[in-house]
Every structure is written in C-alpha cells, then in structure tokens.
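Engineer: just coords:
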C-alpha cells in the first residue's frame, strides 16, 4: 500500500527549447516567471499576533508560542539556491528522455547489470549535477530544501504523451539522511524504504536479504532508474566524519556515481564539519558542487538581514506590553543567539515564556535572563560564534569553516563574492529557520555560481563491503 499522493501527468510546455518534447520535464510544475518568485514561494508567515490575542490568558499565550517555529523568512541566498535547484531538477531529465532510443538502451543496460547483452550506450552523457549547501545548523538548510520541494509532486503517473503510449511512474525526488553510523548499507536501506513507502513495493525486503554491499548498490541503481528518479536530497552529510575505514570515500563515490552514471541530480546538505571529509576527495567535491554551492553563515549585528529577521519575529510577540523594537533590544537579542536564526528564534520564544504572567515585556533584560538561565548550555557555542575567533570555533568542528577547505574552493573556481555572506559558522540544529546574505529583502509582500566542472569518468564503487567477509 502506498502512502504517497500520485498525481496524473499534465504536460505543460516550458518555453525552453532544450526541454521541448520531454514528458518528464513537461510534467513538472510551471517555471517561475521572476527570480523574486523563489522568495515568495519559500516564505511562510502565519497570521500576526493581534492585540486581542495578547490579552488572552497566560496559558493560552504560552501554548501559542511554538508558532514562531512556523515562520520562514527567506533571504536572497535562498533565491539563488532555488534557481539552481529548479534548473537541476529539469536538466537531470535532458539525457533521460524516455521516448529516445538511447535512454531505452541505457535503462535496459542498467536493469540487466550488463548481463543481458545490452551494452550501456557509449555516447550517453549525464546532464545531472550536484549542488552543495553548507551552513551552521539552524540556518535553514533543511527548511529550505523541504519548502522548495513542497510545490513539486513526489510521484507522477504517466499514461500517454502526445498520442504515444508512456506507461510509467516518475518519482520526482527522494529525501535521505546520512545515518549516524555513516554506512553505505544503512543509506541504501533508507532509500529502499522511501521507495516502498511511495510506491507500495517491497524492495527493502529484497535489499536486506543481500549480504554484501555491492549487489545492494547495484539494486539501488536499477531501482532508481526504473522509477525515473530525478532528484535526490541528502541531508546530514557531515555524519561521514564518523565513517569507519574507507566508508566515507565509498559513500562520496556513490554520490558521484549517482550523478555521472545514473544521471540523477543531487542536493548535498551539510555543516562545516564535512570539510575534513571533502578536503581529501577533490574529485568527488568537483562533482558534488558542479551546479555551484551555497555557503550560509550567521548574521552579524549590523546586517540589514538581522534587522529584517528581528522585525518579522517581533510581529509574533505575545506579551501584553509590546514595545517598539529598538537597536538595543536587537543587539541584546544577537548577544543571546550569535546571529544564528535557530538560536534567535529559541531565545525569543524562551524570553516570552519567562515574561508572560510576569513583567509582560521583552527588552534587553529579558534576553540577558534567557541567555543566563535557559540557554546556558548553548553559551560556549554562541560565544564562539560571536567571537569569530578560529581558536574558539575549533572547539566545535561544526562551527569552523577551515582555511584549507576555503582554499580548495578557490582552486576549483568558486566565486567568493557570490557566496560569502557574514561571519559565523556551525552547531547542532535546533530549529530550522532562515539565512542572511549581502542583499536585503522586503516584507509585506516581501521585497523584492560557481563555474561548472564535470568529469567524464565515474569513480569506482566498492565491489564489496569492507566489513563483510
């Protein structure tokens, strides 16, 4: 039994010449008209708190506070990432048009594992790409990805295209997380569980019965091809730092294989802790960031984005005495959060919890009290973020963007001016929220890459699980 909403294909011409005549692309939602539309679709603002609601009982107002977690205020960096992903989700199908002879040959070759007498087409070239999004936890990586994917159906059912029979199901995207044990086996099983949940299949049972990782990876390749998977989001990639033996390199090889051999685009989400893994695998880094990268850092005290973020949050004040938001309050708010959106949301929520039924006001003292009492366990990380000092940040490997990795980015052609935002880094995710950049964004209704490097050679996958006999 499937738990997914499977929508029938409705084909819409895109106006892009390269996309014409491709049912997998034309079945996707219409393209946005303007770049600003990416911010509009990502934003989410629950109804603002009214004066009447501020007069409700203490307990009622306390129960309302979690609405702060639902606020999504996107910044321009999300716009650039959204544009990149929109292109990737369609580009991935250019070389996989199901109506072409070459794609049929490719599918048969992958399905048979090269044993059915059908060779993999030698002149087929993947059109897929990878995009790397790296930020400190709580800056909205996962929120961005999930909000972006909301407008896409996850499964599309095809029957006929322009009078030609086309009976298949297209899985537009799958969302995976690198498990804490960072093993290929766990990731593969997670993939099959997702497919089974979407389509009502039993691949997980088949996969678990396999004793070695090589046939499991081959099964994953065959299934991904059979379901016409277009886009794969892989979260928590920094967990690869916990991989034993060569498992981290094996998994990076798998990611590159998915792009190069299967033609499926990838969005990689990670904290700066992943840098030590990527620094040792330049070949894979080039593929995983072939459609660019987005590096997000916490907001600085003087950033316009910090001011806008605070103004948006301030509209959800439940204390009876809502004061004007002053610079002193914003500065105290920043001191309690280090400019991290998740920490800032948490600080505002806890400050209100403390003041409701008490002073009924949010000011500098409210944030100072919250920092000292309710967020004391986070203070070492927040102080490190505020300092920006490498020596302090080094105590938290999720907080530090290493000089070696940044130098490697420049070597691979990354545009520093395009991705650099403010100073800051990474910690453990509490509340996914939004991000800052160098340009400002309006509210109400809210105002208005690096060079692609490809490789013709797919990396070798491990033929056997290094921990199996």
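Structural biologist: Yes, it's here. Small disclaimer: the values here were computed from a predicted structure and weren't measured.
Engineer: which strand or helix spans the residue nearest the centre of the chain?
Structural biologist: Nearest to the mean C-alpha position of the chain, by Cα atoms, centre = their mean, lies residue 145 at 4.0 Å. Secondary structure from DSSP states H and E places residue 145 in helix 141-149.
Engineer: tell me which other helices or strands that helix touches.
Structural biologist: helix 37-42, helix 76-91, strand 130-135, strand 173-177, strand 231-235, strand 265-270 (3 or more Cβ pairs under 8 Å, 6 or more residues apart in numbering; DSSP states H and E). Every C-beta, even on glycine, is put in place using the N, C-alpha and C of the backbone.
Engineer: chain neighbours aside, what residue packs nearest to the residue nearest to the centre of the chain?
Structural biologist: residue 233 (5.3 Å; Cβ to Cβ, 6 or more residues apart in numbering).
Engineer: give me the neighbour count for that neighbour.
Structural biologist: For residue 233, the count of nearby residues is 22 (other Cβ atoms under 10 Å).
Engineer: among the helices and strands packed on helix 141-149, which is nearest residue 65?
Structural biologist: helix 37-42 (23.3 Å; Cβ to Cβ).
Engineer: which residues sit against the closest one?
Structural biologist: Residues from elsewhere that reach helix 37-42 (Cβ atoms under 8 Å, 6 or more residues apart in numbering): 32, 72, 74, 76, 78-79, 82-83, 86, 144, 147-148, 151, 441, 445-446.
Engineer: wait, what's in contact with residue 30?
Structural biologist: Per Cβ under 8 Å, 6+ apart, neighbours of residue 30: 12, 14.
Engineer: which SSE is residue 369 in?
Structural biologist: Assigned by DSSP H and E, residue 369 belongs to helix 364-373.
Engineer: name the helices or strands packed onto the helix or strand following that helix?
Structural biologist: Following helix 364-373 in sequence order, the next helix or strand is helix 379-387 (DSSP H and E). The contact analysis (3+ Cβ pairs under 8 Å, 6+ apart) places helix 379-387 against helix 390-393.
Engineer: test my guess that residue 88 contacts residue 231.
Structural biologist: Yes. The pair residue 88 and residue 231 qualifies as a contact (Cβ atoms under 8 Å) at a distance of 6.9 Å.
Engineer: next, show the common contact partners of these two.
Structural biologist: 265, 267.
Engineer: related to what we said a few turns ago, what comes up buried for the helix holding residue 369?
Structural biologist: 364, 366, 367, 369, 370, 371 (16 or more other Cβ atoms under 10 Å).
Engineer: torsion angles phi and psi at the residue lying closest to the second one once chain neighbours are set aside?
Structural biologist: On the basis of Cβ to Cβ, 6+ apart, the spatially nearest residue to residue 366 that is not a chain neighbour turns out to be residue 351, at 4.4 Å. Residue 351 adopts backbone torsions of phi -60, psi -40, taken as degrees, to the nearest 10.
Engineer: residue 351 and residue 362: what is the separation?
Structural biologist: 6 Å (Cβ to Cβ, to the nearest Å).
Engineer: check contacts around the nearest residue to residue 242 once chain neighbours are set aside.
Structural biologist: Computed as Cβ to Cβ, 6+ apart, the closest residue to residue 242 that is not its neighbour in sequence is residue 182, at 5.0 Å. Listed by Cβ under 8 Å, 6+ apart, the contact set of residue 182 reads 239, 240, 241, 242, 243, 244, 247, 248, 251.
Engineer: those, buried ones only, as a PyMOL selection?
Structural biologist: Selection of the buried residues among those in PyMOL, burial being defined by 16+ other Cβ under 10 Å:
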select buried, resi 239+240+241+242+243+247+248+251
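Engineer: will you turn the contacts of residue 182 into CSV that also has pLDDT?
Structural biologist: Shown next, in CSV, are those (pLDDT from 0 to 100):
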residue, pLDDT
239, 90
240, 89
241, 86
242, 82
243, 84
244, 80
247, 83
248, 86
251, 89
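Engineer: residue 381: which of the contacts of residue 182 is nearest?
Structural biologist: Among those, and counting by Cβ to Cβ, the member closest to residue 381 is residue 241, at 17.6 Å.
Engineer: my read: that closest one touches residue 272, true?
Structural biologist: No. The criterion here is Cβ under 8 Å, and residue 241 misses it with residue 272 at 10.7 Å.
Engineer: any idea how far residue 71 is from residue 104?
Structural biologist: In terms of Cβ to Cβ, residue 104 sits 47 Å off from residue 71.
Engineer: what's the answer for residue 342, then?
Structural biologist: 12 Å.
Engineer: ditto for residue 130
Structural biologist: Going from residue 130 to residue 71 by Cβ to Cβ gives 30 Å.
Engineer: return the list of helices and strands in contact with the next helix or strand after the helix holding residue 145.
Structural biologist: Using DSSP H and E, the helix or strand that directly follows helix 141-149 along the chain is strand 155-161. Applying 3+ Cβ pairs under 8 Å, 6+ apart, we find strand 155-161 packed against strand 6-8, strand 164-171.
Engineer: pick the most buried one from these.
Structural biologist: strand 164-171 (a mean of 15; mean count of other Cβ atoms under 10 Å).
Engineer: distance from that one to the middle of the chain?
Structural biologist: The chain centre lies 28 Å from the centre of strand 164-171; the measure is Cα atoms, centre = their mean, to the nearest Å.
Engineer: avg pLDDT for it?
Structural biologist: Taken as a whole, strand 164-171 has a mean pLDDT of 94.
Engineer: direction included, what does it pair up with?
Structural biologist: Looking at strand 164-171 with DSSP bridges, its partner strands are strand 155-161 (antiparallel).
Engineer: which intervals of the stretch 1-150 of the chain have sub-threshold pLDDT?
Structural biologist: The model of the stretch 1-150 of the chain has pLDDT under 70 over residues 1-4, 113-117.
Engineer: ok, 80 please
Structural biologist: Across the stretch 1-150 of the chain, the ranges flagged by pLDDT under 80 are 1-4, 75-76, 110-118, 120-123.
Engineer: low pLDDT regions in the stretch 201-350 of the chain?
Structural biologist: Judged against pLDDT under 80, the low-scoring parts of the stretch 201-350 of the chain cover residues 245-246, 275-276, 279-285.
Engineer: what segments of it are helices?
Structural biologist: Ranges of helices within the stretch 201-350 of the chain are 203-208, 213-226, 247-260, 275-278, 282-288, 304-314, 327-335, 341-355, based on DSSP state H, counting those that start in this stretch.
Engineer: point out the other helices and strands that the last one packs with.
Structural biologist: Spelled out, it's helix 341-355. helix 304-314, helix 327-335, helix 364-373.
Engineer: rerun that using 7 Å as the cut-off
Structural biologist: Under the contact criterion of 3 or more Cβ pairs under 7 Å, 6 or more residues apart in numbering; DSSP states H and E, helix 341-355 touches helix 304-314, helix 364-373.
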